[in-house]
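S.K.: Turn this into a structure:
(2 chains)
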Amino acid sequence: MRVSTYRVTRAWIALVVLTLLSMAAAHSIAGGVIGSGLVLTAAVAKGWWMLMDFLKLRHAPSGWRNLLATWLILIAASAWIAAAIPLLHG
Amino acid sequence: MNAAQEDGSWGVLSDLPGHPMMWVLILTEVVTFGLLFLTFAVTGALHPDVFAAGRAQLDPILGGVNTLVLITSGWLAALAVENRTMGHRTTARLLLGGAAALGCLFTAIKIVEYAAKARAGIGLETDTFFTLYFLLTGFHLLHVVLGIVILAAVAFHDSPENLKTGTSFWHTVDLLWVVMYPLVYLVG
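M.R.: Alright, predicted model coming up:
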């Protein structure tokens, strides 16, 4: 198996596992700041794997990877802050 | 203008896999959906009770199953590019067919979800949460349908470059859903 084919399948397995863990985490610790943080961290990791091994940006200039990783982190951070504000206000 | 000059005229976009014009579309989608996601998050912070009540009426299992369907479709599309690059045209076409079929399954599950909401009397104007829910997921669903058409087109015109271009759009649709699923169904 070529290295790139192996990486594609490895990324798919990681994406499936993280999706199942996110569903379980959201079910067991729904609504909490920690639960939201875990689920959003998993989403960023999944997005990163998709960028690297599905969209094939692993060998693209680092500026592109940094730009899209920043987009992922910005969306996840804003969603986490938005979810945490009402919880912290009680 | 020869191929080398054409590549050079796209500047930094020439460094990305597939046709640079597709990356203009992809970056436009990333910015557009990014703004929609931020709008959803900020509105959720302003109306936490409405969003909590709305989210409680969604089915996170169905959304999760759709996530698994779409990432598996993305996997098949990525394998199609690998196989086409190695010269395995028939295998690549079969993998693209599988990716498109899973895209159709995603669409069917989404329609089942929308129908359940309609039967429960929930629509676009129910409240702010469901206005944004239908706007976000509906806009994404249109992209899934367009992606299926693009996958079918590159299966027929199956040069390695076309496959990279077509599957890049499909992976972007996949990426947007992977970010949207926790935002809409799980977090909050």
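S.K.: For the rest of this, base every contact and every neighbour count on C-alpha atoms.
M.R.: Will do.
S.K.: Look through chain B and tell me its longest helix.
M.R.: Scanning chain B for the longest helix, with DSSP state H as the assignment, gives helix B:89-119.
S.K.: and it, which residues are buried?
M.R.: Buried residues in helix B:89-119, counted by 16 or more other CA atoms under 10 Å in any protein chain shown: B:89, B:91-93, B:95-100, B:102-107, B:109-110, B:114.
S.K.: And for stretch A:55-66?
M.R.: A:55-57, A:64-65.
S.K.: okay if I get those residues as JSON lines plus secondary structure, pLDDT and distance to chain B?
M.R.: Below are the buried residues of stretch A:55-66 laid out as JSON lines (DSSP: H, G, I helix; E, B strand; the rest coil; pLDDT from 0 to 100; distance: CA to the nearest CA, whole Å):
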{"residue": "A:Leu55", "secondary structure": "coil", "pLDDT": "94", "distance to chain B": "6"}
{"residue": "A:Lys56", "secondary structure": "coil", "pLDDT": "92", "distance to chain B": "7"}
{"residue": "A:Leu57", "secondary structure": "coil", "pLDDT": "94", "distance to chain B": "7"}
{"residue": "A:Trp64", "secondary structure": "helix", "pLDDT": "93", "distance to chain B": "9"}
{"residue": "A:Arg65", "secondary structure": "helix", "pLDDT": "94", "distance to chain B": "11"}
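S.K.: Kindly check the end-to-end length of stretch B:150-167 for me.
M.R.: End-to-end distance of stretch B:150-167 (CA to CA, to the nearest Å): 8 Å.
S.K.: Now tell me what touches it from outside.
M.R.: A:55, B:17-19, B:22, B:74, B:77-78, B:80-81, B:84-85, B:89, B:93, B:96-97, B:99-100, B:147, B:170 (CA atoms under 8 Å, 6 or more residues apart in numbering or on different chains).
S.K.: Just list the residues touching A:Ala77, thanks.
M.R.: A:Ala77 neighbours (CA under 8 Å, 6+ apart): none.
S.K.: ditto for B:Leu58
M.R.: B:Leu58 makes contacts with B:Tyr185, as judged by CA under 8 Å, 6+ apart.
S.K.: quick one: it and B:Phe134, what's the gap?
M.R.: 12 Å.
S.K.: Looks like B:Pro48 contacts A:Pro86 (just checking).
M.R.: Yes - counting by CA atoms under 8 Å, B:Pro48 does reach A:Pro86; the two are 6.4 Å apart.
S.K.: check which helix or strand covers B:Val178.
M.R.: Assigned by DSSP states H and E, B:Val178 falls within helix B:160-181.
S.K.: low-scoring pLDDT stretches of chain A, where are they?
M.R.: When residues are selected by pLDDT under 70, those of chain A lie in A:1, A:29-31, A:89-90.
S.K.: Sketch out the helices for it, chain order is fine.
M.R.: Using DSSP H, helices in chain A cover A:3-28, A:33-49, A:62-88.
S.K.: Any residues of chain B in contact with chain A? List them.
M.R.: Residues of chain B lying near chain A by CA under 8 Å from any CA of the partner chain: B:15-17, B:34, B:37-38, B:41-42, B:44-45, B:48, B:60-61, B:64, B:67-68, B:71-72, B:74-75, B:78-79, B:82, B:167-168, B:171-172, B:175, B:178-179, B:182-183, B:186-188.
S.K.: Mind giving me the ChimeraX select for those residues, buried ones only?
M.R.: In ChimeraX syntax, the buried subset of the residues of chain B next to chain A is picked out as below (16+ other CA under 10 Å):
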select /B:15,16,17,34,37,38,41,42,44,45,48,60,64,67,68,71,72,74,75,78,79,82,167,168,171,172,175,178,179,182,183,186,187,188
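S.K.: Could you give the average pLDDT over the longest helix of chain B?
M.R.: The predicted model gives helix B:89-119 an average pLDDT of 97.
S.K.: again, but for stretch B:159-171
M.R.: Averaging pLDDT along stretch B:159-171 gives 95.
S.K.: and it, which residues are buried?
M.R.: Quick answer for stretch B:159-171 (16+ other CA under 10 Å): B:160-171.
S.K.: just stretch A:7-22 next, same as before
M.R.: A:7-9, A:11-12, A:15-16, A:18-20, A:22.
S.K.: Show residues contacting it.
M.R.: Where contact means CA under 8 Å, 6+ apart, the residues beyond stretch A:7-22 that reach it are A:38-39, A:42, A:46, A:49-50, A:53-54, B:64, B:67-68, B:71-72, B:75, B:78-79.
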